[in-house]
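**Student:** Got a predicted model here, sequence first, then my questions.
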Amino acid sequence: MAISDGAGGNGQSSILAIDDRDEVLRLIDRALGERYRCEFASDVAEARGKLDGERFDLALCDIQMPGESGLVLAEEITAEHPETAVVLVTGVDDPEVADKAFALGACGYLVKPFWPGQLTITVINALRRHELELAQEAHSRMLEERIQTLMDAAPVPIFIKDRERRYAVANRSMHEIVGLEPDEIVGRTDADILLPEGERIAAASDRMILEQGETWTGEETLLVGGRERTFLVVKFPYLDDSGQIAGISGIAADVTDRKRAEELRKDLAVTQRRAIEELRESRQETVERLTRAIEMHDADTGRHVSRMSSIASFLGAKLGLSPERASLLRTAAPMHDVGKVATPDEILRKEGPLTPEERETMEEHTLVGYRILSGSKSELLQLAARIALTHHERWDGSGYPNGLRGEEIPIEGRIVAVADVLDALLSDRSYREALPVEEALRTIAMERGAHFDPRVVDALLDNPEETLAVRR
């Protein structure tokens, strides 16, 4: 059978059609030949030869062929020629076969007999889907490289482990501590790089994070390279795209020499400020992986921002924010107090009331946070900047820094104000114990229409059990 190759001008997508029936190949040629550059193969062996010889944008692969199955060829193409999209063609409409096809990575599925328009639409959709997948993969690689670069700039160890506690990501400082070259730590576990006692200590906190999903902060004394070293470590769950716990993220500071503890805390703050500036144009995932990890360098703050951001997202949804907006609020809310990096430690950690001068210094954190986060094109950082600036404004206009009143305050700032205070009331502090739930809710209810937006308070009081469940 003589079939034209359908060659056209430059820029055409190339298609390889594999089928043992000449009439099917002719139909494909008539339907697609003018639009695409088409090549044809009548069996798997011939198709392999063509694939080895040139690049194709799409392969139309018949499943039922004599000899080797088209499914075998499709699996080879997705594994060995990732630049080629695959559309599987079958004469039997079998849901199980369709499921298997898509599990193999196919971008389309056609059942014979098909009409030319159906074929054309399927090919167009498959090419577009594959183009988007390749673009997403390229973007993901670029993002991972950017994250690695930012992490390597940090003067403290940063790492991510998978659920089997194998290291998936580690920065330069982490490599230097364990004495391994870059990339040598990836795929290894603590059992490979620590002595048994050190591995046992690290495993206990890792398991707690994987099982309970809580942030953990503490000191770990480990034997590294035969030397005992103490680290201040913050670990928290690493979540996948579906929100499930996929592993453990962590940041550690070597505090073996107690005289250097203050210097290391200052390094953390400097790293945080630099990371936030460098991440102004980055995506939400970058902020979650690095900025938030470095920010949570003490246990109280780490647990507080995690709980209050969950409360804020929940209340936002109850108040009618879209799921996307509520999710964005959950990610932005933990940065509400980022301006406190400029607040002196003696004020932040002071037990008892602040003097008027100390109070004025403390209140400046809203403006500092806004200056750190503002000016970005990122929707996430724009929202975080608004929250940082307005979460201490009050409904009656008596708040700071600008004395905004009522709905002059952005809704996200009003929501975070309630979530922030609720979690603070329910948490132990150096100057008081946590309040009982009923007393905390009464305290917030008393400020309805004064400190807080009445609608936000009502959303809380109408859903107290759900709110507390979210907080837990």
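**Tutor:** Received, thanks.

**Student:** where's stretch 424-444 relative to the chain centroid, distance-wise?
**Tutor:** 32 Å (C-alpha atoms, centre = their mean, to the nearest Å).

**Student:** Mind listing what's buried along that stretch?
**Tutor:** For stretch 424-444, a neighbour-count test (16 or more other C-beta atoms under 10 Å) marks Leu425, Leu426, Ser427, Leu435, Ala440, Leu441, Ile444 as buried. Backbone N, C-alpha and C define where each C-beta goes, glycine included.

**Student:** for stretch 127-138, same thing?
**Tutor:** Going by neighbour count (16+ other C-beta under 10 Å), the buried part of stretch 127-138 is Leu127, His130.

**Student:** what's next to it, contact-wise?
**Tutor:** Contacts with stretch 127-138, where a contact means C-beta atoms under 8 Å, 6 or more residues apart in numbering, come from Ser13, Asp57, Leu58, Pro82, Glu83, Ala85, Cys107, Gly108.

**Student:** before we move on, what about stretch 76-87?
**Tutor:** 16, 48, 51, 55-61, 74, 104-110, 122-123, 126-127, 129-130, 134.

**Student:** Give me the buried stretch members for stretch 228-248, please.
**Tutor:** For stretch 228-248, the neighbour count (16+ other C-beta under 10 Å) marks Arg229, Phe231, Leu232, Val233, Val234, Lys235, Phe236, Pro237, Tyr238, Ala246, Gly247, Ile248 as buried.

**Student:** So for the nearest residue to Asp453 once chain neighbours are set aside, what's the pLDDT?
**Tutor:** Excluding its sequence neighbours, the residue lying closest to Asp453 (C-beta to C-beta, 6 or more residues apart in numbering) is Arg414, at 4.1 Å. Looking at Arg414, its pLDDT stands at 97.

**Student:** which one among the contacts of stretch 127-138 gets closest to Lys318?
**Tutor:** Cys107 (39.7 Å; C-beta to C-beta).

**Student:** State the pLDDT value of the closest residue in space to the closest one that isn't next to it in sequence.
**Tutor:** Excluding the flanking residues, the one nearest Cys107 by C-beta to C-beta, 6+ apart is Ala126, at 3.9 Å. If you check Ala126, the pLDDT there is 90.

**Student:** got it, and Asp267?
**Tutor:** Predicted confidence (pLDDT) for Asp267: 67.

**Student:** likewise the one 4 residues further on?
**Tutor:** Thr271 is assigned a pLDDT of 62 by the prediction.

**Student:** cool, and Thr120?
**Tutor:** So, for Thr120, pLDDT stands at 92.

**Student:** hang on, it packs against Tyr36?
**Tutor:** No - look at Thr120 against Tyr36 with C-beta atoms under 8 Å: they stay out of range, at 9.5 Å.

**Student:** Of those two, which one has the most company?
**Tutor:** Tyr36 (23 against 15; other C-beta atoms under 10 Å).

**Student:** and the more buried one, how far is that from Thr122?
**Tutor:** Computed with C-beta to C-beta, to the nearest Å, the distance linking Tyr36 and Thr122 is 13 Å.

**Student:** One more: Ala106?
**Tutor:** Taking C-beta to C-beta, one finds Ala106 at 11 Å from Thr122.

**Student:** And those two? Which one has more around it.
**Tutor:** Ala106 (22 against 19).

**Student:** list the contacts for Gly70?
**Tutor:** Contacts of Gly70 by C-beta under 8 Å, 6+ apart are Ile18, Val44, Cys61, Asp62, Ile63, Gln64, Leu88, Val89.

**Student:** What number of residues are in the vicinity of the last one?
**Tutor:** Neighbours of Val89 under the rule other C-beta under 10 Å: 24.
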